[in-house]
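Peer 1: Got a predicted model here, sequence first, then my questions.
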Amino acid sequence: MIFNRAAAVILFSVFLIADARARAADNPASREALEFFERKVRPLLSGSCFRCHGEKKQKGKLRLDSLERILAGGESGPAVVAGNPQESRLIRAIGYQDPELKMPPKEKLSDDQVSILVRWVELGAPWPKEGPGGAVKREPGLEVTARDRDWWAFRKAGGAPPPAVKKAGWVRNPIDNFILARLEQGGFEPAPPAGQRELLRRVYFDLIGLPPTYGEVESFVSDDEPGALERVIDKLLAKPQYGERWGRHWLDVVRFAQTNGYERDGEKPYAWRYRDYVIRSFNEDKSYKRFVIEQLAGDELEETTRDSIIATGFYRLGVWDDEPDDKRMAEYDGLDDMVVAIGASFMGLTMGCARCHDHMYDPIPQKDYYSFLAFLHNVRYYDKPKYDKGSATYASIGNKEWALAVREHGNKARETKVLVRGNAATPGELVRPAFPAVLGGGELASAARPVPQASTGLRRELAEWIAGDENFLTARVMVNRIWQHLFGRGIVRTPNDLGKRGLAPTHPELLGWLARDFISGGWKIKRLQKLIMLSSAYRMSSRVREGEALRQDPSNELFWRQNMKRLEAEAIRDSILAASGGLNLRMSGRGFFPKLGREVITAGSRPGWGWGGSNRKDQSRRSIYIYTKRGTLMPLIEGFDYTNTAQSLGMRTVTTVAPQALMLLNSSFLDWQASVFAGRVLSEMGADPAGHPADFVRRAYRLALSRDAAEDEVARSLAFIRRQETAFESRRVRSTFRPGVPDAIERGFKDTQKPSNFFEGPEAGWEYFRGRWYDAGDNIDWVDPQRRPFALHKTLRLADGELSAELSMRSNSEGASIYFRGGNKGDLYWGLELLLDPREDRLELRRHGKEKEPVVVKTAQLELNTGTWYRVRVVLAGGEVSAWVGQGSLDGRKPSLRATVENPAEPGDRVGLSSREAPVGLSSLVVRTAGKATAAGISGKKWVVAAGSAPGENLERSTRQALHSFCLVLLNLNEFVYID
């Protein structure tokens, strides 16, 4: 695709500026790094290193129990160079890179443990602030005080009325009182209301994650009746797409994925049922109280339901090592994952930081961590899929259907002991199930209600306490999450940490009032969302104005305006599908597999393992249904700051990097959708776009941006289309073919792929074949390098006559081949091949037949360079084959290769192409027989239409490609990916 370079630079520059405006002022990376240290690094150092390099013993004069001492090192120098694993002696030692330096000396750490420490050093060796001497010191048994309990997040939500304000006419509901009171206190004016179009677009994306149509915008703008916005909100809250939008937010919080992580990253069968349960729960407006209880103890309710069982899949969503080095430690790692997920998701607390010692910041003693863990200790350790009553990980939901779910050891609770330094090998004091003391908890006397035979009922007690009407912390956490997604940031900017390490709330009284209102309103999420969205605060414009507010509050801490938001990765992709008209709204199920590039598949240790194939209709579904494999993500989704599936994520980071712009301009998905989009515009026009290009532009604007194009926009768009037409007219007509899969792939993945995925090229006019693959063991198949995937043209025929073409091989190519006088037998090619080999600087004429390997008929030396276009000419006359390859005109030259083929009667007369390792460009493919020339249809874009026949076929190639380019640019506009 050709683009005006200056236009592309301007486009990306504006993209950068817009994102800088939208980005939150605070970066949570340092807090995440410290949490990574507390959850992963400290337990590892404690369990594997402190025995020899701790407080009591220091082999080699090295201590590893404080950052100061690690950086100082021992007899051999510093143990760690922060940010540089390659120069860190500790990393070399645990990797056994030096035979004289191995730690631990008796047994090497697992690969995953090594990776944790490498990652820690890469992050700069984060370590919480230390006391004098470097070591973290606490008195034994942290005492929780009344002052600790008076922390704003732990208090009961106040019942005081909303504050009075001077500008009472601005107030639509009590939310506005709280916002305006702070603004008036600072002498600020709230921003004016957003325009009707901006407001409607905001509401649509906030509630369903999809743009409004042009007709929906016009209808809203012209609706002068009172309650127009409320009617739109009610309509959107009732749409099934609402649950998909808000379900996606929740899946971030609960670390949802459909695979285990680690190297093999195997599937968690039926994990998708949990995703569908979440979507249903939001659509049904299930009370948040019930939502919490079902996930924590749905199997322990008096009346269990299909959904309440599925909900307990919450416990099983974390990463899981199917072959741990230390099974006992792995079990506690699994329990820790549950404690951390519950603490972050429902309580906004970093509970995991108290696993090895008293919490460094919050009043959570280590004993409270293990008392909390005691509620969960009876949960059976995650195990490999097994579908029967004895399964540790799956439960029957009727009709021979199964769900990923929680299962316990029985109705007798297991003993729980505090682990000294978090090490499973050093159990200490026995503890009973108890709620955190800082939240008014205490030991649980006994389960007061009947429970299922195979369960203790302890999780039910925990769930009822967390979701209790007196637990305002739980309500504050969820209210803050809802506010965050409607305003671009929360009242507390650290939604998973309302403790002392988190950021303070900007409006604590408002958060408390909303929490109390949320509880008194039955914990209903839709009700709260509607209340917030009908406020004047929500309706404000996001546009920045000069004034006192901008000078004193540039980061909009006081919400004097709305925040402009960039769409999340999924919403960007879904909006592209909506604009093109190809969006498939089918819901539920295991999900679909986006098509991945060869380089993405190659990255796995077993390329393609656990991935599959889906047709284009399924690949047009909403992004929430993308199969979520922890180790393999669609680049477009990953590139736009997709969630972290390893742990609970309260807020996605928003970055702006060059690859994002490159993906939107060049990805195969965008190229496909731009083609679908252009086809839709042409189909709906019902007129010749060559004669009405301005109509094409106007309709495309309506479909992409839900508005009319301004006249200057039409003029600039037409000028762009004309420039593109001129560029394409002077450009060589070419098609690109490339290998679509690695040379070695997992068999299950291979069997899901259609032939055109093995060798990729134009859809129109070509037929594709898999080639031959061999079993290499371990369920891996290798391609036969002599019988690779290939393509044959559907209509070109050549038995005797002449073939001419132009060919170019990419820099890493190992060769490209033109096939002629051939055909296929199944997935194998039979016939003649002219191989251009740039590595050996040679041509080879080869014959494919019944022999296992192709027979080399003739070889000729010829200098061949990658990146260069070569003209190729082949003349066939009975058994005589002559071939010319070179640059410039071939007229008057001697053949580069001439040979006699022993058996000229091959099984076909088709023409084709193959490539080794890298893409090959093909242009000007022409066959001449009996004085008649037939050209291959290598003529640029063929319109792909969501439904109906393909329009625009009579347009000039340059016009088709120019319109395609214009549609692609529209999908790249800031206005398309940002919400005002």
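Peer 2: It's in. Residues are numbered from 1 along each chain as shown.
Peer 1: CA only for contacts and neighbour counts going forward, please
Peer 2: Will do.
Peer 1: For the stretch 301-450 of the chain, which segments count as strands?
Peer 2: Using DSSP state E, counting those that start in this stretch, the strands found in the stretch 301-450 of the chain span residues 394-398, 401-404, 416-419, 427-431.
Peer 1: Of all the ones you listed, which one is nearest Leu237?
Peer 2: Across those, Leu237 has its closest neighbour in strand 401-404 (28.0 Å, CA to CA).
Peer 1: can you pull the buried residues of that closest one?
Peer 2: Of all the residues in strand 401-404, those buried under the rule 16 or more other CA atoms under 10 Å are 402-404.
Peer 1: Quick one: these as TSV, columns for pLDDT and distance to Phe769 too.
Peer 2: Below are those laid out as TSV (pLDDT from 0 to 100; distance: CA to CA, whole Å):
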residue	pLDDT	distance to Phe769
Trp402	95	38
Ala403	94	39
Leu404	94	39
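Peer 1: Share the number of residues neighbouring Arg182, please.
Peer 2: If you count neighbours by other CA atoms under 10 Å, Arg182 ends up with 18.
Peer 1: which non-adjacent residue is nearest it?
Peer 2: Spatially, and ignoring its direct neighbours in sequence, Arg182 is nearest to Leu558 (6.9 Å; CA to CA, 6 or more residues apart in numbering).
Peer 1: now Cys967
Peer 2: Leaving out its chain neighbours, the residue that sits closest to Cys967 by CA to CA, 6+ apart is Ala674, at 5.5 Å.
Peer 1: ok, the one you found touching Ser580?
Peer 2: Yes - at 7.1 Å, Ala674 counts as touching Ser580 under the criterion of CA atoms under 8 Å.
Peer 1: Show me the shaky parts of the chain.
Peer 2: Counting by pLDDT under 70, the chain has low-confidence residues at 1-31, 129-141, 445-450, 687-690, 903-907, 937-954.
Peer 1: residues of stretch 778-792 that come out buried?
Peer 2: Buried, per 16+ other CA under 10 Å, within stretch 778-792: 780-783, 787-792.
Peer 1: got a markdown table for the buried residues of strand 401-404, with distance to Gly499 too?
Peer 2: As requested, the buried residues of strand 401-404 are exported to a markdown table (distance: CA to CA, whole Å):
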| residue | distance to Gly499 |
| --- | --- |
| Trp402 | 38 |
| Ala403 | 35 |
| Leu404 | 32 |
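Peer 1: Tell me the one among those nearest to Tyr315.
Peer 2: Within these, distances to Tyr315 taken as CA to CA reach their minimum at Leu404, with 9.1 Å.
Peer 1: Go ahead and confirm the closest one touches Glu267.
Peer 2: No - the criterion here is CA under 8 Å, and Leu404 misses it with Glu267 at 11.3 Å.
Peer 1: Break this protein into its domains for me.
Peer 2: 1-22+658-730+957-980, 29-135, 150-190+471-566, 193-238, 244-468, 734-935 (automatic domain parsing).
Peer 1: picking that back up, what's the helix or strand for the residue nearest to Cys967?
Peer 2: Per DSSP states H and E, Ala674 falls inside helix 668-685.
Peer 1: Could you list every helix and strand that whatever helix or strand comes next after that helix packs against?
Peer 2: Counting by DSSP H and E, the next helix or strand C-terminal to helix 668-685 is helix 693-705. Contacts defined by 3 or more CA pairs under 8 Å, 6 or more residues apart in numbering; DSSP states H and E place helix 693-705 against helix 214-221, helix 569-580, helix 668-685, helix 711-729, helix 957-970, helix 974-977.
Peer 1: possible to save these as TSV with distance to Gln366 and mean neighbour count?
Peer 2: Output for the helices and strands packed on helix 693-705, formatted as TSV (distance: least, CA to CA, whole Å; neighbours: other CA atoms under 10 Å):
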stretch	distance to Gln366	mean neighbour count
helix 214-221	55	16
helix 569-580	39	24
helix 668-685	50	22
helix 711-729	63	17
helix 957-970	55	24
helix 974-977	45	18
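Peer 1: could these be laid out in TSV, adding distance to Pro240?
Peer 2: Putting those into TSV (distance: least, CA to CA, whole Å) gives the following:
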stretch	distance to Pro240
helix 214-221	18
helix 569-580	15
helix 668-685	24
helix 711-729	35
helix 957-970	28
helix 974-977	23
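Peer 1: Pro574: what's it in contact with?
Peer 2: Wrong residue type there; residue 574 is Asp, not Pro. When contacts are counted by CA atoms under 8 Å, 6 or more residues apart in numbering, Asp574 touches 209-210, 583, 622-623.
Peer 1: Next one: it from Glu725, what distance?
Peer 2: The spacing between Asp574 and Glu725, counted by CA to CA, to the nearest Å, is 29 Å.
Peer 1: Trp766 too?
Peer 2: Computed as CA to CA, the Trp766 to Glu725 distance reads 26 Å.
Peer 1: Ok, Arg747 next?
Peer 2: In this structure, Arg747 and Glu725 are 45 Å apart, going by CA to CA.
Peer 1: same deal with Tyr627?
Peer 2: Tyr627 sits 39 Å away from Glu725, going by CA to CA.
Peer 1: same deal with Arg421?
Peer 2: 69 Å.
Peer 1: likewise Thr304?
Peer 2: The value you get for Thr304 to Glu725, if CA to CA is used, is 64 Å.
Peer 1: With Glu570 instead?
Peer 2: Look at Glu570 and Glu725: by CA to CA, they are 33 Å apart.
Peer 1: same deal with Leu864?
Peer 2: Taking CA to CA as the measure, Leu864 falls 33 Å from Glu725.
Peer 1: do the same with Leu682
Peer 2: Leu682 is 17 Å from Glu725, by CA to CA.
Peer 1: do Arg630 as well
Peer 2: Taken as CA to CA, the span from Arg630 to Glu725 is 43 Å.
Peer 1: Val492 too?
Peer 2: To Glu725, Val492 is 52 Å away according to CA to CA.
Peer 1: ok, now Glu833?
Peer 2: In this view, Glu833 and Glu725 are 36 Å apart by CA to CA.
Peer 1: cool, and Asn177?
Peer 2: Distance, Asn177 to Glu725, by CA to CA: 57 Å.
Peer 1: related to what we said a few turns ago, which residues does the residue nearest to Cys967 contact?
Peer 2: Going by CA under 8 Å, 6+ apart, Ala674 touches 580, 964-965, 967-968, 971.
Peer 1: got it, and Leu71?
Peer 2: Contact partners of Leu71, counting by CA under 8 Å, 6+ apart, are 78-81.
Peer 1: hang on, it in a helix?
Peer 2: Yes - assessed by DSSP: H, G, I helix; E, B strand; the rest coil, Leu71 belongs to a helix.
Peer 1: Give me the spatial nearest neighbour of it, chain neighbours excluded.
Peer 2: In space, Leu71 is closest to Pro78, 5.1 Å off (CA to CA, 6+ apart).
Peer 1: Pretty sure that neighbour sits against Ile70.
Peer 2: Yes - with contact defined as CA under 8 Å, Pro78 reaches Ile70; the gap is 6.6 Å.
Peer 1: I am finished for the moment; much appreciated.
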